[in-house]
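Student: Mind looking at a prediction? Sequence and model below.
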Amino acid sequence: KDGKTIYYTTKVPGKKGRDLFSVKWDGTETKRITKDGMGIFGLTPDSKNSALYFLRKGGRIARLNLKSNKVENLPFSARMTINYPAELNQMFEEAWRILNYTFYDPEFHGRDWNKLKKRYKPVCLSATTKHDFRDYFNQMLGQLNASHMGLYGRGREKVQREAVGRIGVEVKPLKERIEITHIVPGSPADKEFSKLYVGDIILSVNGNSVNKNTNIWKYFADTVDKRVLLEVKGKDGKTREVYIRPVSSLRNELYKEYVKFNRKLVEKYSNGKLGYIHIQGMDMPSFENFERELEVAGKGKEGLVIDVRFNGGGWTTDYLMAILNVKQHAYTIPRGAAKSLKEHKKFRKYYPFAERLPFYPWTKPSIALCNSASYSNAEIFSHAYKTLGIGKLVGEPTFGAVISTDGETLIDGMFIRKPFRAWFVLKTDEDMEKVPAIPDFIVNNPPDWKAKGEDLQLKKACEVLLEEIEGK
């Protein structure tokens, strides 16, 4: 109301949703008002500019009092009478129409989209549950044989869900008991107050005795964030009790362990000459992590191994290309560096990239790895890396699923994806959908590669890059 304060929403690194912020018109006094990343939708002031109304995740209504800067949740209830057969019909028609006007191939991969509607609509409308409706509709989508498609969502029924708690250990059976063979770094089993050790023998879980034939994980059902009592025997033969709080997922801890494992292998295979960076996803958090690690991983190294194996995709390939595809077009000599500019040829490798580019660049040699679990934008990265001649590509052919996609929410909350834009390789004119990025060096890792502490794909990448560096 005073014309001096701006309210806006933006995503916060590490959060999925958007939060609400305020800032003075001159850029000062930035304040983060909501801190839960639960999303802000439809931000609207009231007629007196005394409050801002908005929706939160799940359709909840909230209000920001502009005087106190406090957020109030506004409870409400609403009832609606639903004609479920009519709702299914509307959902089918809308989802079919969305794809009819947006599917990236106007010829629908050679299929007759109208005939598919006539064939599948009666089947979909005969569904007795939303799950069946979704599955039948997805069978129709399957006839198009395209990636980045699907109808997602649940029905009205509510079912009890039971999560198995994870503590971060691998075990093996002994003659009588179960022995811990591995501890995941950063997991509950690696915490100071609930420390377990490789070689510990698990005797019981919450008073339930275990032996070599026991599936101990059945005792961890419905234990997420609850105290679980373990009785273990250490290598010293002494028995002790350990209270531990299982978690629902160890995804981040396992990922960090995987990257650390690979980094050690690259150090070993290259005799310390090469750096290593894994790109987890083609999203902004992964890109920012790449930026942070680039100078550290590459510091003092002669080359860099870039890994997009098991990368599910996203949209940041062009950001990465802005870092990796920088070409030196000049060289500079600051005052004080030379007694005479006649010595200029000594400075051919010098150029102040860091002060002239939006991102810290990598201009030394590099090599990239991909595999069959590299999807979507990770495949675009692999195509681009090879097409632009940045370096060699090592590993397995990528999955072959590249279409730009977004989606729409249907009336009951189900979500339909819209693959709307095709991608072609400029150099070869090949459609990236169903045509994978083919590595220059195809290497398959055997099933037991990790158990043996080896990675043949990484090893080959290091060999090729070192040969390239030594050849120069």
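Tutor: Good, I have the coordinates. Numbering: from 1, shown residues only.

Student: what helices or strands is the helix or strand containing Phe137 leaning on?
Tutor: If you go by DSSP states H and E, Phe137 is part of helix 130-142. Packing partners of helix 130-142 (3 or more CB pairs under 8 Å, 6 or more residues apart in numbering; DSSP states H and E): helix 84-102, helix 113-125, strand 151-152. Yep, even glycine has a C-beta here, placed from its N, CA and C like the rest.

Student: Go through the ones you listed and name the closest to Glu343.
Tutor: helix 84-102 (61.2 Å; CB to CB).

Student: quick one: that closest one to helix 113-125, angle?
Tutor: Helix 84-102 and helix 113-125 are oriented at 160 degrees to each other (axes from the mean of the first three to the mean of the last three CA atoms, to 10 degrees).

Student: Give the buried residues for helix 84-102.
Tutor: By neighbour count on 16 or more other CB atoms under 10 Å, the buried set for helix 84-102 is Leu88, Met91, Phe92, Ala95, Trp96, Ile98, Leu99, Thr102.

Student: Low-confidence bits of the stretch 51-200 of the chain, can you list those?
Tutor: Within the stretch 51-200 of the chain, no stretch has pLDDT under 70.

Student: And for the spatially closest residue to Glu302 that is not a sequence neighbour, the neighbour number?
Tutor: In this structure, Glu302 finds its nearest non-sequential neighbour in Lys273, 4.8 Å apart by CB to CB, 6 or more residues apart in numbering. As a burial measure, Lys273 scores 17 neighbours (other CB atoms under 10 Å).

Student: now the helices for this structure?
Tutor: Under the criterion DSSP state H, the chain contains helices at 84-102, 113-125, 130-142, 251-269, 284-298, 317-324, 353-356, 377-387, 456-471.

Student: of all these, which lies closest to Arg421?
Tutor: helix 84-102 (9.5 Å).

Student: quick one: contacts for the residue most central in space within the chain?
Tutor: Compute the mean C-alpha point of the chain, and by CA atoms, centre = their mean the closest residue is Gly281, 4.1 Å away. For Gly281, the contacting residues are Asn311, Gly312, Gly313, Gly314, by CB atoms under 8 Å, 6 or more residues apart in numbering.

Student: Including pLDDT, neighbour count and distance to Ile61, could the residues you listed go into TSV?
Tutor: Formatted as TSV, these follow (pLDDT from 0 to 100; neighbours: other CB atoms under 10 Å; distance: CB to CB, whole Å):
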residue	pLDDT	neighbour count	distance to Ile61
Asn311	97	25	38
Gly312	95	16	34
Gly313	95	23	35
Gly314	95	21	32
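
Student: what sits against Ile6?
Tutor: Ile6 neighbours (CB under 8 Å, 6+ apart): Ser22, Val23, Lys24, Trp25.

Student: Let's see if you can find the most crowded of those.
Tutor: Ser22 (17 neighbours).

Student: Hmm, Lys4 and that one touching each other?
Tutor: No. Using CB atoms under 8 Å, Ser22 makes no contact with Lys4, being 10.4 Å away.

Student: just to revisit the earlier point, so which of the helices of the chain is nearest Val171?
Tutor: For those, proximity to Val171 was assessed by CB to CB; helix 251-269 is nearest, at 16.0 Å.

Student: Quick one: residues in contact with the closest one.
Tutor: Applying CB under 8 Å, 6+ apart, the set of residues contacting helix 251-269 is 168, 184-187, 274-276, 278, 280, 297, 305, 307, 450, 453-455, 458-459, 462-463.

Student: among these, which ones are buried?
Tutor: When neighbours are counted using 16+ other CB under 10 Å, those contain these buried positions: 168, 184, 187, 274-276, 278, 280, 297, 305, 307, 454-455, 458-459, 462.
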